[in-house]
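# 3D model of this:
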Amino acid sequence: MKTTLTLLAALALAGCAQPGPKPLYQWAGYQNSVYQYLKSDGSEPGAQIAALEAQIEKNKAAGEATPPGMRAHLALLYSKVGDDVAAQRHLEAERAQFPESAAYIDFLLKNVKKDGSKSAISAPAAAASQAKI
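Predicted coordinates:
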């Protein structure tokens with residue numbers, strides 16, 4: 001009887017050790033990557049572009065969702081290096097994946113001139129800092 005109780009208690013505790021639910025988004029090293037980028041004052045956007053692109057591909061291959069803001073941050077980086085086409089592509093992907101960001105993403109996209117002379121991110125950020133709320 002004592003052995004049966006011990007066995008039942010062990011099984012009950014083993015049932016509690018089940019892995020939790022799968023996270024909604026795969027953050028991987030994204031947060032640390034952004035922290036390092038901000039800590040270095042944005043001095044190496046190319047390295048972070050490569051890291052974030054690799055993470056997005058890894059997420060796709062594993063069937064995991066890219067977290068909110070990752071593509072928007074990638075758009076910022078592409079804009080910094082002068083690739084407004086890639087910046088626009090990532091902003092549109094962010095809007096498609098997270099429709100609740102559509103108003104802000106549309107605001108950013110609207111401020112890109114047809115000739116590509118205005119950065120997708122930097123000009124609206126300056127305008128937003130001057131806005132009175």
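# flag the shaky bits of the chain, pLDDT-wise.
Per-residue confidence for the chain (pLDDT under 70) gives these ranges: 1-3, 5, 7-18, 112-133.
# please enumerate the helices of it.
All helices of the chain, identified by DSSP state H, fall at 2-16, 30-39, 45-62, 70-80, 84-97, 102-110, 122-130.
# what's the most buried one of these?
helix 70-80 (a mean of 23; mean count of other Cβ atoms under 10 Å). The C-beta positions use only the backbone N, C-alpha and C, and glycine is treated the same way.
# what's the burial count for D83?
Other residues near D83 number 17, with proximity taken as other Cβ atoms under 10 Å.
# hmm, back to that, include distance to L24 when you put the helices of the chain into CSV, please.
Written out in CSV, the entries for these read as follows (distance: least, Cβ to Cβ, whole Å):
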stretch, distance to L24
helix 2-16, 23
helix 30-39, 14
helix 45-62, 12
helix 70-80, 13
helix 84-97, 12
helix 102-110, 20
helix 122-130, 28
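# how many neighbours does S101 have?
Residues contacting S101 under the criterion other Cβ under 10 Å number 18.
# residues in contact with it?
Residues counted as contacts of S101 (Cβ atoms under 8 Å, 6 or more residues apart in numbering) are 68, 72, 94-95.
# wait, which of the helices of the chain is closest to K22?
Among the helices of the chain, helix 45-62 comes nearest to K22, with 10.8 Å by Cβ to Cβ.
# dump that closest one to CSV, restricted to CA.
Listed in CSV are the C-alpha atoms of helix 45-62, where the atom choice follows Å, rounded to 0.1, in the frame of the first residue of the first chain:
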residue,chain,number,x,y,z
PRO,A,45,23.7,48.5,-38.5
GLY,A,46,25.0,46.0,-41.1
ALA,A,47,25.8,43.4,-38.5
GLN,A,48,22.4,43.7,-36.9
ILE,A,49,20.7,43.5,-40.3
ALA,A,50,22.4,40.2,-40.9
ALA,A,51,21.5,38.9,-37.5
LEU,A,52,17.8,39.9,-37.7
GLU,A,53,17.4,38.6,-41.3
ALA,A,54,18.9,35.3,-40.1
GLN,A,55,16.5,35.2,-37.2
ILE,A,56,13.5,35.8,-39.4
GLU,A,57,14.6,33.0,-41.7
LYS,A,58,15.1,30.7,-38.7
ASN,A,59,11.6,31.6,-37.5
LYS,A,60,10.1,30.8,-40.9
ALA,A,61,12.0,27.5,-41.1
ALA,A,62,10.8,26.4,-37.6
